[in-house]
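Q: sharing a sequence plus its predicted fold:
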Amino acid sequence: MPRRTKIVATLGPATDEPHVLDDMIKAGMDVVRVNFSHGDPDEHIQRAENVRNRSRAFGHQVGVIADLQGPKIRVGCFRGGRIILNKDDHFILDASLDINAGTQEHVGLTYRGLPDDVNRGDTLLLDDGRLVLWVEDVNGAEVRCRVVVGGELSNNKGINRQGGGLSAAAITDKDRSDIELAAKMDVDYVAVSFPRSADDINLARELLHNAGGYGGIVAKIERAEALEALEEIIEAADVVMIARGDLGVEIGDAELPAVQKRIIKIARSLDRVVITATQMMQSMIESPIPTRAEVFDVANAVIDGTDAVMLSAETSTGMYPARVIEAMDRICAGAERQRSTQASERRTNIRFRRADEAIAKATMYTANSLGVKAIAALTESGATPLWMSRIRSGIPIYALTRHVETRRKVTLYRGVYPVSFDVTSTIHAEVNREAIDELMRRGAVRDGDLVIITKGDLMGVHGGTNAMKIIKVGEHEIVEG
């Protein structure tokens with residue numbers, strides 16, 4: 001059985017060598033993330049082109065996510081590169097200070113609105129919570145703090161307010177420019193950092209479409225405020241990413257596991273795709289093997305129903321990009337062998353909005369009950385296999401489509417595998433036979449296996465799926481009259 005959970009790997013300096021990229025593809029990478037927080041446009045374009053060129057050489061489709069930087073809420077730079085803050089030291093975050101003039105007493109800010117967002121008594125968390133400052137006073141552009149937890153503070157470290165509440169806009173001027181770049185790159189998804197409401201997601205989608213892009217929108221849940229509008233944000237997006245770094249800093253690490261489970265459950269119930277991200281295999285930046293805690297973390301996300309698990313620095317700057325993918329592949333496959341990952345939840349209380357949605361859900365209920373070996377979904381947009389993948393199952397779903405954009409999009413869907421298949425060049429009565437032949441060529445089925453095919457009477461039409469057919473491979477009934 002092919003692995004159902006998808007693996008997203010971040011590109012970076014460690015992946016630029018062609019042989020490394022080849023090894024990552026062979027190891028099982030399904031989607032790449034291009035991080036717009038680092039690098040320049042030419043680097044991003046080249047990396048995406050390299051992935052697509054090499055994936056074609058292997059006959060393996062790989063999707064591309066462009067991850068926007070979002071509001072850069074960070075301290076500036078220190079004259080000496082870093083300082084040491086001790087407990088009970090006084091330290092000033094100064095929005096009026098030159099960005100490169102930081103000293104032991106104060107530092108500038110990339111986010112000039114910080115003094116307007118905080119008050120005496122607030123707690124500020126720097127460098128992913130490694131340093132903790134208590135706000136004693138706000139005087140004009142100065143946020144005067146006392147150090148609660150000290151340590152080394154170096155250039156450009158992030159700032160979070162415990163409990164959230166920083167009002168920086170999710171879509172910055174840089175993001176607007178980068179969305180145009182993403183459209184030029186024909187990326188399959190654009191990830192929006194720090195959204196607070198559905199409006200942020202809708203704006204990103206509008207900007208992408210206006211720039212000529214076709215990709216879906218990923219909502220990165222990393223602000224405490226996003227949890228207050230969680231369902232509306234997820235509904236507005238195509239994909240939700242549980243970005244556990246900043247989110248864990250804002251809400252506290254003790255709250256994070258339950259929130260992760262909640263987000264996965266809501267996303268699947270709303271027929272959205274979900275990615276679990278941040279520090280999943282962090283030790284493998286330098287180690288050739290994961291810790292047992294990391295094994296459990298990845299496996300639990302898979303058992304909970306995540307569509308994909310994501311690697312960040314583990315692949316972009318780590319020592320073992322291909323090996324970490326191999327390890328994640330092994331862990332995901334092991335978790336998927338658990339019966340609970342295949343047990344279908346019966347959504348008997350849901351009313352279908354469209355005929356193709358009804359066919360998709362009926363197909364999964366039938367397949368799970370009948371011992372079907374594989375599902376062939378003839379699709380234009382990928383909607384039918386997406387709905388199918390929301391129902392837990394161990395049965396592979398093959399998305400047969402003529403559109404390369406759709407094939408790339410479904411690389412993120414759990415249990416869905418893209419297949420190039422042009423129904424418009426096939427005689428209607430022969431479509432079933434051609435679909436079965438394609439599955440047999442892939443070794444997915446053999447004589448005697450049951451297969452379900454879904455398609456529309458008017459093939460090649462978006463949203464036209466209105467029929468499912470149960471076929472026993474090798475029997476004469478394959479061809480419709």
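A: Sure, I can see it. Please read all numbers here as calculations on a predicted model, not as lab measurements.

Q: low pLDDT regions in the stretch 201-350 of the chain?
A: For the stretch 201-350 of the chain, the stretches flagged by pLDDT under 70 are 343-350.

Q: show me where it has helices.
A: 224-228, 230-236, 244-251, 256-269, 292-304, 313-316, 321-336 (DSSP state H, counting those that start in this stretch).

Q: could you pull up phi and psi at the residue lying closest to residue 467 once chain neighbours are set aside?
A: Nearest residue to residue 467 in three dimensions, chain neighbours excluded: residue 455, at 6.1 Å (Cβ to Cβ, 6 or more residues apart in numbering). No exception for glycine: its C-beta is placed from N, CA and C like everyone else's. Backbone torsions for residue 455, taken as degrees, to the nearest 10, come to phi -160, psi -180.

Q: over to residue 175?
A: phi -60, psi -40.

Q: next one: residue 102
A: Torsion angles, degrees, to the nearest 10, at residue 102: phi -60, psi 140.

Q: follow-up on the earlier one: shouldn't the residue nearest to residue 467 be in contact with residue 428?
A: No - judged on Cβ atoms under 8 Å, residue 455 makes no contact with residue 428 at a distance of 9.5 Å.

Q: of these two, give the one with the bigger neighbour count.
A: residue 455 (24 against 12; other Cβ atoms under 10 Å).

Q: local confidence estimate at the more buried one?
A: On pLDDT, residue 455 comes in at 91.

Q: list the buried ones in the host helix or strand of residue 470?
A: For residue 470, the host element (DSSP states H and E) is strand 467-472. By neighbour count on 16 or more other Cβ atoms under 10 Å, the buried set for strand 467-472 is 468-469, 471.

Q: can you tell me which of the helices of the stretch 201-350 of the chain is packed in deepest?
A: The highest mean neighbour count among these, using mean count of other Cβ atoms under 10 Å, belongs to helix 313-316: a mean of 25.

Q: quick one: residues in contact with it.
A: 9-15, 24, 35, 280-282, 284-285, 321, 324-325 (Cβ atoms under 8 Å, 6 or more residues apart in numbering).

Q: what's the answer for stretch 435-454, then?
A: 359-360, 363, 366-367, 370-378, 384, 396, 398, 400, 419, 421, 432, 465, 467-474, 478.

Q: go on, stretch 118-135?
A: 75, 85, 91, 93, 136-138, 143-151, 153-154, 157-163, 165, 245-246, 248-250.

Q: tell me the secondary structure at residue 190.
A: What DSSP: H, G, I helix; E, B strand; the rest coil gives for residue 190 is strand.

Q: I'd assumed residue 214 was in contact with it.
A: No - using Cβ under 8 Å, residue 190 is not in contact with residue 214; the gap is 10.5 Å.

Q: taking the mean pLDDT, what do you get for the helix or strand residue 435 falls within?
A: Secondary-structure element containing residue 435, defined by DSSP H and E: helix 431-441. Across helix 431-441, the average pLDDT comes to 93.

Q: for that helix, buried residues please.
A: Buried residues in helix 431-441 (16+ other Cβ under 10 Å): 431-432, 434-436, 438-440.

Q: what separation do you get for the closest residue to residue 90 other than its chain neighbours and residue 178?
A: Spatial nearest neighbour of residue 90, chain neighbours left out: residue 146 (5.9 Å); criterion: Cβ to Cβ, 6+ apart. From residue 146 across to residue 178, the span is 37 Å (Cβ to Cβ, to the nearest Å).

Q: ok, those two, which is more surrounded?
A: Applying other Cβ under 10 Å to residue 146 and residue 178 shows that residue 178 carries more neighbours, namely 23 against 15.

Q: what helix or strand is that one located in?
A: Using DSSP H and E, residue 178 sits within helix 173-184.

Q: contacts for that helix?
A: For helix 173-184, the external contacting residues (Cβ under 8 Å, 6+ apart) are 36, 41, 44-45, 66, 68-70, 190, 192-193, 204, 207-208, 211-213, 215.

Q: low-confidence ranges in the stretch 351-481 of the chain?
A: 457-461, 463, 476-481.

Q: only the buried residues of the longest helix along the chain, if you could.
A: Longest helix in the chain by number of residues, with DSSP state H as the criterion: helix 41-58. By neighbour count on 16+ other Cβ under 10 Å, the buried set for helix 41-58 is 44, 47-48, 50-52, 54-55.

Q: the residues you listed into CSV, with extra columns for pLDDT and distance to residue 263?
A: Output for these, formatted as CSV (pLDDT from 0 to 100; distance: Cβ to Cβ, whole Å):
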residue, pLDDT, distance to residue 263
44, 97, 28
47, 97, 29
48, 97, 28
50, 96, 32
51, 97, 28
52, 96, 30
54, 95, 33
55, 95, 29
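
Q: turn those into CSV, including distance to residue 405.
A: Below are the buried residues of helix 41-58 laid out as CSV (distance: Cβ to Cβ, whole Å):
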residue, distance to residue 405
44, 19
47, 19
48, 14
50, 19
51, 15
52, 12
54, 19
55, 15
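
Q: which among those residues gets closest to residue 99?
A: residue 44 (24.4 Å; Cβ to Cβ).

Q: contacts only, for the residue nearest to that closest one when sequence neighbours are not counted.
A: Leaving out its chain neighbours, the residue that sits closest to residue 44 by Cβ to Cβ, 6+ apart is residue 34, at 5.1 Å. Each residue near residue 34 by Cβ under 8 Å, 6+ apart is listed here: 10-11, 44, 47-48, 64-67, 185, 187.

Q: quick one: residues contacting the spatially most central residue of the chain.
A: Central residue of the chain (Cα atoms, centre = their mean): residue 275, 4.0 Å from the mean position. Counting by Cβ under 8 Å, 6+ apart, residue 275 touches 8, 218, 239-242, 306-310, 412.
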